[in-house]
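> Prediction below, plus the sequence it came from.
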Amino acid sequence: MGALRLDLIRRYLRPHRRTVLFGMGALVVVNLLSVSIPLLVRRVIDDLQDGFALRDVLAQAALIMALATVMGGVRLLSRLLVFGVGRQVEADLKQQIFDHLLLQEPGWVQSTGSGEVISRATSDVENVRRLLGFAVLSLTNTALAYALTLPAMLSIDPWLSLAAVGLYPLMLVTVRMFGGRMMRQQRRQQEALAGLSDLIQEDLSGISAIKIYGQEATEQQAFAGRNRRYRDAALGLARTRSTLFPLLEGISSISLLLLLALGSGQLASGRLSIGDLVALILFVERLVFPTALLGFTLNTFQTGQVSLERVQELLERRPLVESPTDPLPLRRRGHGALEARGLTVRYPGAQRPALVDVSFRLQPGELVAVVGPVGCGKTTLARALGRMVEVEPGELWIDGNDVTRLSLGDLRRQVALVPQEGYLFTASLADNLRYGDPDADLAAVEQAARQARLEGDIKGFPDGYRTLVGERGITLSGGQRQRTALARALLVDAPLLVLDDALASVDNTTAAEILRTIRGEQGRTILMISHQLSAAAACDRVLVLEDGRLVQEGHHEELLATRGTYRRLWAREQASEQLRAAG
Ligand SMILES: Nc1ncnc2c1ncn2[C@@H]1O[C@H](COP(=O)(O)OP(=O)(O)OP(=O)(O)O)[C@@H](O)[C@H]1O
């Protein structure tokens, strides 16, 4: 176990210290009451030896019952208070993690893996909740139980008391031994269950592929394997539990027997009253639960500790791309002038940069294509413009402003990025379209849909703009998805529009119409990344990238007349089109 992060525990508990203190106070009351009850019972029994007075006995019994009831109520209160703090910290942490995740750049989320991030935001946070709720409560309770009960027992008969609780460390050791195994088995069972649900989810999403390739039997086998693993994990856990609990009961019964055997000797010799013996029995019984629980608590501390660190590591991760602390004020829509001055972008951990010393200028209102072989850095350029990857100061300028000096919010209002695969949220089509501007009215939404040539498709949808799309909604075709993503970006009305192969699934005539409309209506600068050189031919200018470098720049005709990458790519495209036409 690493060093106990008391600093973190304190930090999480600080906002709730009053509640925690109240909870602890309640625990003190509970433990005082639970020590006083056996002492009262002892007095009643001893008084009975001197003669039976019904009224006195009834009065004492009523008092004991009242104390027991108060104790139950206060115990409940202490649990509600301390467990409530655990739940509150859990809710706060989840919110904090979620807010923090939204600050991270997309590349980090992709490289870390959503499974890892989700596990930290859920299971680790739950372990922290158990540490701050259950573990804190039970540790305090055990400490108080021993601190108050043991002196009371020793005052009755020290040797008998020590003999009775002498076996209790054995109980602790047993729980520690089995508890560790139980936790590992619990984790294995959870993982097996997660594996099972992952497979169901994946197979349901990929059901078409399973059918096309006739892989039902393979998938059934895979499922049977995971199902078996889950069953074995669950059985293993049940076996450990059903060994541990009888063992604990056994140790506690031996303690009791020892107490009765030795105590009856003391009774016979008159060194112990019946009341003393009964009180000792009640005390010994009372210590069983806190002792056994201490073992589980130590395990909870151990896992909670690891989880605390994992959650903290996540929360301390600084996003690579952050808003400047003193951003330039930007009050109006810009003109969409863009300039790259020696732009160089390197992905974290990459051997070589994805963009190297790229320089170019775009005048407001220009339509410029970016082309180049696969992996030459086109998408990276699009990401750099929206600062989805880190850009060095002074290398990228929009309307004369260094992009790193603009707040990320302002920058992203100036640059609308349309990716090849626009993500659709499970919501109405209208809400998906107004995602970047939730207050946009229906007229604006309709205008954007018209500009992106999506209107005709929407008329064919069951509920028009109210049609549910995304995971749980209707499936849109590739072209419809792309035009939806484009309309979403148009609605934001940014002066610089970056299309990352965003019209690849749209036919050439429609794509040309869309481009004509969107550049004409609002005076936008458009940077169009494309795999199709025929689309680039219609642009004002073409930038040609190769191996992350800008190798050519000019109009389509000009570039064709020059020996170089563009002419090579063009020849290749023509050849493959001829092949397609022939075949
Ligand atoms: N998140 C990332 N981390 C590390 N390297 C990356 C990352 N994304 C892209 N790269 C690398 O950077 C280089 C440029 O990639 P980029 O996606 O910009 O190329 P592209 O021209 O858009 O490719 P394509 O034509 O396939 O769309 C490639 O070598 C790619 O492997």
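Great, that's in hand.
> nearest residue to V506 other than its sequence neighbours?
G479 (5.0 Å; CB to CB, 6 or more residues apart in numbering). In this view, the C-beta of every residue, glycine as well, is placed from N, C-alpha and C.
> need the contact list for that neighbour.
When contacts are counted by CB atoms under 8 Å, 6 or more residues apart in numbering, G479 touches 505-507.
> Up against the ligand, what does this protein have?
107, 347, 350, 354, 372, 374-380 (CB under 6 Å from any ligand atom).
> 8 Å instead?
In this structure, the chain approaches the ligand at residues 107, 110-111, 347-350, 354-355, 372-383, 389, 420, 500-501, 529, 531, 545, 548, judged by CB under 8 Å from any ligand atom.
> of the contacts of G479, closest to G72?
Set against G72, the nearest of the contacts of G479 by CB to CB is S505 (67.2 Å).
> Near the closest one, how many residues? Count them for me, please.
Neighbour count for S505, taken as other CB atoms under 10 Å: 16.
> Can you pull the phi/psi pair for it?
Backbone dihedrals for S505, given as degrees, to the nearest 10, come out at phi -100, psi 10.
> Phi and psi next, for L499.
Torsion angles at L499 (phi, psi; degrees, to the nearest 10) stand at phi -100, psi 110.
> Check whether it really touches L486, as I assumed.
Yes - counting by CB atoms under 8 Å, L499 does reach L486; the two are 7.3 Å apart.
> quick one: which of the two has more around it?
A direct count of neighbours by other CB under 10 Å for L499 and L486 places L499 higher, at 30 against 26.
> tell me which residues form a beta bridge with the more buried one?
On the basis of DSSP bridges, L499 is bridged to V418, M528.
> for this structure, what's the longest helix?
Using DSSP state H, we find that the single longest helix of the chain is helix 216-269.
> what's the average pLDDT for that one?
Helix 216-269 shows a mean pLDDT of 93.
> Relative to the whole chain's centre, how far out is the helix or strand that it is followed by?
For helix 216-269, the following helix or strand on the C-terminal side (DSSP states H and E) is helix 274-316. With CA atoms, centre = their mean, to the nearest Å as the basis, helix 274-316 stands 28 Å off its chain's centre.
> do stretch 526-535 as well
Averaging C-alpha positions (CA atoms, centre = their mean) puts stretch 526-535 37 Å from its chain's average.
> Give me the contact list for that stretch.
Applying CB under 8 Å, 6+ apart, the contact partners of stretch 526-535 are 338, 362, 366-371, 378-379, 381-382, 385, 496-504, 508, 511, 515, 518-519, 536, 539, 556, 566, 569-570, 573.
> Please point out which parts of it sit buried.
Buried residues in stretch 526-535, counting neighbours by 16 or more other CB atoms under 10 Å, are found at 526-533, 535.
> so what's the nearest residue to R271 once chain neighbours are set aside up against?
Closest residue in space to R271, ignoring its immediate chain neighbours: D157 at 7.6 Å, by CB to CB, 6+ apart. Neighbouring residues of D157 by CB under 8 Å, 6+ apart: 266, 271-272, 276, 280.
> Among the residues you listed, which one lies nearest to the ligand?
L280 (69.0 Å; CB to the nearest ligand atom).
> Tell me how many other residues surround that closest one.
Neighbour count of L280, defined by other CB under 10 Å: 26.
> if I look at it, how far off is L33?
18 Å (CB to CB, to the nearest Å).
> helix/strand/coil for the closest residue to the ligand within the stretch 101-250 of the chain?
Nearest residue of the stretch 101-250 of the chain to the ligand: G107, at 4.2 Å (CB to the nearest ligand atom). Going by DSSP: H, G, I helix; E, B strand; the rest coil, the secondary structure assigned to G107 is helix.
> How many neighbouring residues does it have?
Other residues near G107 come to 16 when the count uses other CB under 10 Å.
> what sits against it?
320, 347-348, 388-389.
> Separate out the buried members of these.
Among the contacts of G107, those scoring as buried are 347, 388-389 (criterion: 16+ other CB under 10 Å).
> Going by distance to the ligand, which of these wins?
Y347 (3.3 Å).
> show me what contacts the closest residue in space to that closest one that isn't next to it in sequence?
Using CB to CB, 6+ apart and skipping the chain neighbours, the partner closest in space to Y347 is A354 (6.0 Å). By CB under 8 Å, 6+ apart, A354 lies in contact with 345-347, 377, 380, 548.
> Could I have the ChimeraX command that selects the buried members from the residues you listed?
Buried members of the contacts of A354, defined by 16+ other CB under 10 Å, are picked up in ChimeraX with:
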select :345,346,347,377,380,548
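> Rank the contacts of A354 by pLDDT and give me only the lowest.
Y347 (90).
> hmm, back to that, surely the residue nearest to V506 is within a strand?
No - counting by three-state DSSP, G479 falls outside a strand, being helix.
> how much space between G365 and L490?
According to CB to CB, G365 and L490 sit 16 Å apart.
> Neighbour count for these two, which is higher?
Neighbours were counted for G365 and for L490 using other CB under 10 Å; L490 has more, 27 against 17.
> and the host helix or strand of that one, which residues are buried?
Assessed by DSSP H and E, L490 sits inside helix 478-492. Within helix 478-492, the residues scored as buried using 16+ other CB under 10 Å are 479-492.
> for stretch 379-398, same thing?
Neighbour-count burial for stretch 379-398, counted by 16+ other CB under 10 Å, picks out 379-391, 395-398.
> Show me these that map onto strands.
396-398 (DSSP state E).
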